[in-house]
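Visitor: Let's see this in three dimensions:
(2 chains)
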Amino acid sequence: MGALPDNALAGILRLLPPRSLAVSRCVCKAWLAIIDARALLLPHLLPHSIRGIFLNYVDYHRPHHFTRPSSTSPLFPKVVDGMLDFLPVETIEGVCDCWWVLDHCNGLLLCDFPRIMRRDLCVCNPATRRWTLLPHQNTLVINY
Amino acid sequence: MAAPESGDGNNGAARMVTLISSDNTRFEVEAAAASLSQTLQLTILDGGGGGGDGIPLPNVDSATLSKVLEYCIKHAPAAANGGAPNATAVDRAELERFDNEFVNIDQSVLYSLIMAAHNLEIEGLQSLVAKKVADMIKGKSPMEIRRTLGFPDPTPEEQAEMNAHMLEYGWAYE
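Guide: Modelled structure (predicted):
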């Protein structure tokens, strides 16, 4: 079954629900390439249920992530990384060690990391642990 | 797709075409059934495959072709009715029962059918076999999928890559 033509394989993968499709991405390189090249998973990248919420606080330096305990396998103890530990240290621990969530959309977070004379804006997906920094803006940040 | 009317006194006798498998077995089948294959349809419309000629299918062996034609013969009447709008619930249930039974087969046969359905472009059969494989994949872990489909065990590097990719969509493994 390993040597199916791409179109035939894509026809099979197309029938899978998002969860199975995400699992199938890990089966082998060829499957991953087809799922990504044809964007089979992107339209439903995210799980359609609430895993937790972020709360911004005035008194804390960062938002807190509230989630119910989940019965994940030991391989995936933390499904959603509320501390955004996947971000590189220099991004998350700057001169001013605080950040908050500015906005969100479809499970993506827009996070603000204030720095001296500038701010780092980062879009990240805590479920998939993918992230990117937005280009710097010339906005002064006023800390309170 | 109805068989084109041919001049040979068509009082009820359906036009037949001959298909020749890769191992040189000849199959005589109604043109309407063979025309479920998009690949063959034009040739048949052009009058090919009749008489002593036969259409060679170098990619399909006789065991597979016989199975494919079993499907085509069963589905041709419904296809001729344009998706069978007049079909009774009984007819549809019978086709569904046939389909379920049809894909209840060894994996090697299933693989040959996928390839044949793909080469011959038989839409209904493509969907049927794809659904069967998808059902075999659903709810399994990457390793289970590999074993189910008879992939060789992953090398340590492949295993490491699989684990890395699994982390990307951790929610899928809850």
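Visitor: Going by C-alpha atoms from here, please, whenever you check contacts or count neighbours.
Guide: Fine.
Visitor: Could I get the pLDDT score of residue 115?
Guide: You didn't say which chain, so I picked chain A. Looking at residue A:115, its pLDDT is 69.
Visitor: To clarify, I was referring to chain B.
Guide: pLDDT recorded at residue B:115 is 94.
Visitor: Wasn't it part of a helix?
Guide: Yes - applying DSSP: H, G, I helix; E, B strand; the rest coil, one finds residue B:115 inside a helix.
Visitor: Excluding sequence neighbours, find me the nearest residue to it.
Guide: Excluding the flanking residues, the one nearest residue B:115 by Cα to Cα, 6 or more residues apart in numbering or on different chains is residue A:4, at 7.4 Å.
Visitor: Now do that neighbour, the pLDDT please.
Guide: Model confidence at residue A:4 (pLDDT) stands at 86.
Visitor: what do you get for residue A:74?
Guide: 47.
Visitor: related to what we said a few turns ago, just give me the neighbour total for the residue nearest to residue B:115.
Guide: Residue A:4 has 14 neighbouring residues, counting by other Cα atoms under 10 Å in any protein chain shown.
Visitor: Just confirm it is within a helix.
Guide: No - Residue A:4: not assigned to a helix; according to three-state DSSP it is coil.
Visitor: so where do the strands sit in the chain?
Guide: Answering for chain A, as no chain was given. Per DSSP state E, chain A carries strands over the ranges A:52-55, A:64-67, A:100-105, A:108-115, A:118-125, A:130-133.
Visitor: oops, I was thinking of chain B
Guide: Under DSSP E, chain B gives strands at B:16-20, B:26-30, B:55-56.
Visitor: and chain A, which of those strands is closest to it?
Guide: strand B:55-56 (21.7 Å; Cα to the nearest Cα).
Visitor: what's near enough to touch residue A:20?
Guide: For residue A:20, the contacting residues are B:137, B:138, B:139, B:140, B:172, by Cα atoms under 8 Å, 6 or more residues apart in numbering or on different chains.
Visitor: Look at the residue nearest to residue B:161 when sequence neighbours are not counted and say how many residues are nearby.
Guide: Spatially, and ignoring its direct neighbours in sequence, residue B:161 is nearest to residue A:26 (7.9 Å; Cα to Cα, 6+ apart). Per other Cα under 10 Å, the neighbour tally for residue A:26 reads 26.
Visitor: Okay, domains of chain A per the record?
Guide: Split into domains by automatic domain parsing, chain A comes to A:6-44, A:52-133.
Visitor: quick one: low-confidence parts of chain A?
Guide: Low-confidence segments of chain A, defined by pLDDT under 70: A:2, A:42-51, A:68-81, A:88-97, A:115-117, A:137-144.
Visitor: for chain B, same thing?
Guide: B:1-12, B:51, B:82-87, B:170-174.
Visitor: So which bits of it are right by chain A?
Guide: B:111, B:114-115, B:118, B:126-127, B:130-131, B:133-134, B:137-143, B:145-146, B:149-151, B:158, B:161-163, B:165-174 (Cα under 8 Å from any Cα of the partner chain).
Visitor: Just to be sure, which of the residues you listed are found in helices?
Guide: Judged by DSSP state H, helices contain the following of the residues of chain B next to chain A: B:111, B:114-115, B:118, B:126-127, B:130-131, B:133-134, B:137, B:142-143, B:145-146, B:158, B:161-163, B:165-168.
Visitor: Of those, keep whichever come out buried.
Guide: Among these, those scoring as buried are B:111, B:114-115, B:118, B:126-127, B:130-131, B:133-134, B:137, B:142-143, B:145-146, B:161-162, B:165-168 (criterion: 16 or more other Cα atoms under 10 Å in any protein chain shown).
Visitor: so how far is the biggest helix by length in chain B from its chain's centroid?
Guide: If you go by DSSP H, chain B has its longest helix at helix B:62-80. Relative to its parent chain, helix B:62-80 has a centroid offset of 8 Å by Cα atoms, centre = their mean, to the nearest Å.
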